[in-house]
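Engineer: Okay, predicted coordinates and the sequence, questions at the end:
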Amino acid sequence: MNCKLNFKLLLLLSVIALAACKKKTSDTTPVVSSDIQLLPKQYNKVCFLTTHNSMNNDEKGFSIPNQTHSVLHQLQNGVRGLMLDTYDGANGVALTYHASSALGSSKLVDVMQEIKDYLNENTNAIISIIYQNEGGNAQLEKAIDSIGLDKMTFIYHGGTWPTLQTMVDSNQRLVLFVEQNKLPRAAYLMYAWANIFDTGYTWHTVGEFNCDVNRGGSGNRELYLINHWLSNGLGLPDKALAPQANTRAVISHRVQECTAANNHFLNYLGVDFYEIGDAKAVVDSINGIK
């Protein structure tokens with residue numbers, strides 16, 4: 001009798017474990033499928049879900065976060081664009097944090113290793129990073145080069161952007177930009193505002209959102225970034241505001257308004273707390289992902 005009970009219990013646990021495994025696989029499948037569906041498109045004809053201050057997240061213990069999840073988990077959930085602030089470290093190792101290291105910081109190389117691990121495990125993924133390079137380029141480049149990520153970078157030389165399939169075939173799947181035009185710098189650190197133009201980024205209510213061009217000049221740039229998040233009265237990120245900013249209606253209206261106003265396809269949708277609301281669903285819709 002006890003043996004029969006133990007067998008039934010074991011069988012029940014096995015079914016539960018199998019169901020959990022199937023659920024986990026199902027949860028990740030749409031992201032992989034999205035990457036595959038995008039492969040025929042040119043890079044500048046793709047919209048990438050992008051997280052603002054990606055490193056400044058609650059999972060890694062940052063005090064006033066812009067994001068809930070770690071960079072690795074962001075990528076696993078379909079984020080394909082990252083905004084990272086970089087600073088020189090006293091010991092020659094670059095750090096990444098927002099405004100003050102007292103609110104939390106990480107070694108940049110550790111974040112880059114998360115990105116490399118994800119790229120190695122997801123060979124159809126293309127990841128773009130916009131660095132707010134407050135420190136020098138030497139430490140920034142060291143964080144990239146020391147783990148071999150420089151070999152996976154793509155350098156745009158003008159003309160026609162390649163398809164994502166071409167970038168995958170050559171394993172040049174990491175597109176890197178820097179906000180400050182500091183020299184010298186590696187060729188793979190492309191100056192952002194020579195390639196991208198963006199909107200403003202300081203908003204406190206949905207009614208304040210507009211489509212005025214901020215950095216990079218007008219729509220003659222190759223790529224377009226819409227900064228779409230709300231800050232509280234102190235100018236700080238506030239998770240309670242994300243449900244207002246990230247609804248499908250609000251994002252879709254802003255995307256339609258701004259792409260029309262600037263006659264340009266949206267390439268990067270920058271958001272806080274990407275998992276709240278419909279940011280990914282809007283990006284998938286723009287890309288024709290079903």
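Structural biologist: Structure's in. What do you need?
Engineer: Tell me, how many residues neighbour the nearest residue to Leu189 once chain neighbours are set aside?
Structural biologist: Nearest-residue entry for Leu189: Val178, 4.9 Å, with adjacent residues in sequence omitted and distances by C-beta to C-beta, 6 or more residues apart in numbering. For glycine as for every other residue, the C-beta is placed from the backbone atoms N, C-alpha and C. By other C-beta atoms under 10 Å, the residues close to Val178 number 21.
Engineer: now do Ser285
Structural biologist: Count around Ser285 with other C-beta under 10 Å applied: 16.
Engineer: ok, Lys41 touching Pro162?
Structural biologist: No - taking contacts as C-beta atoms under 8 Å, Lys41 lies outside contact range of Pro162: 10.2 Å.
Engineer: in this structure, which spans are helices?
Structural biologist: 2-38, 71-76, 108-121, 137-145, 164-169, 192-195, 242-245, 248-262, 279-287 (DSSP state H).
Engineer: got CSV for those helices, with mean pLDDT and distance to Tyr224 too?
Structural biologist: Output for these, formatted as CSV (pLDDT from 0 to 100; distance: least, C-beta to C-beta, whole Å):
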stretch, mean pLDDT, distance to Tyr224
helix 2-38, 52, 17
helix 71-76, 98, 21
helix 108-121, 98, 23
helix 137-145, 98, 25
helix 164-169, 98, 18
helix 192-195, 97, 10
helix 242-245, 98, 19
helix 248-262, 97, 7
helix 279-287, 98, 12
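Engineer: got a markdown table for those, with distance to Asn210 too?
Structural biologist: Conversion of the helices of the chain to a markdown table gives the following (distance: least, C-beta to C-beta, whole Å):
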| stretch | distance to Asn210 |
| --- | --- |
| helix 2-38 | 29 |
| helix 71-76 | 27 |
| helix 108-121 | 32 |
| helix 137-145 | 32 |
| helix 164-169 | 31 |
| helix 192-195 | 19 |
| helix 242-245 | 14 |
| helix 248-262 | 8 |
| helix 279-287 | 18 |
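Engineer: Which among those helices is found nearest to Asp212?
Structural biologist: Closest to Asp212 of these, according to C-beta to C-beta: helix 248-262, at 8.7 Å.
Engineer: Report the inter-axis angle for the closest one versus helix 279-287.
Structural biologist: On the basis of axes from the mean of the first three to the mean of the last three C-alpha atoms, to 10 degrees, helix 248-262 is oriented at 40 degrees to helix 279-287.
Engineer: Counting by contacts, list what helix 248-262 packs against.
Structural biologist: Of the remaining helices and strands, those touching helix 248-262 by 3 or more C-beta pairs under 8 Å, 6 or more residues apart in numbering; DSSP states H and E are strand 223-227, helix 279-287.
Engineer: Mind listing what's buried along that helix?
Structural biologist: By neighbour count on 16 or more other C-beta atoms under 10 Å, the buried set for helix 248-262 is Val250, Ile251, Arg254, Val255, Cys258, Thr259, Asn262.
Engineer: contacting residues for the first one?
Structural biologist: Applying C-beta atoms under 8 Å, 6 or more residues apart in numbering, one finds that Val250 lies in contact with Val206, Phe209, Gln244.
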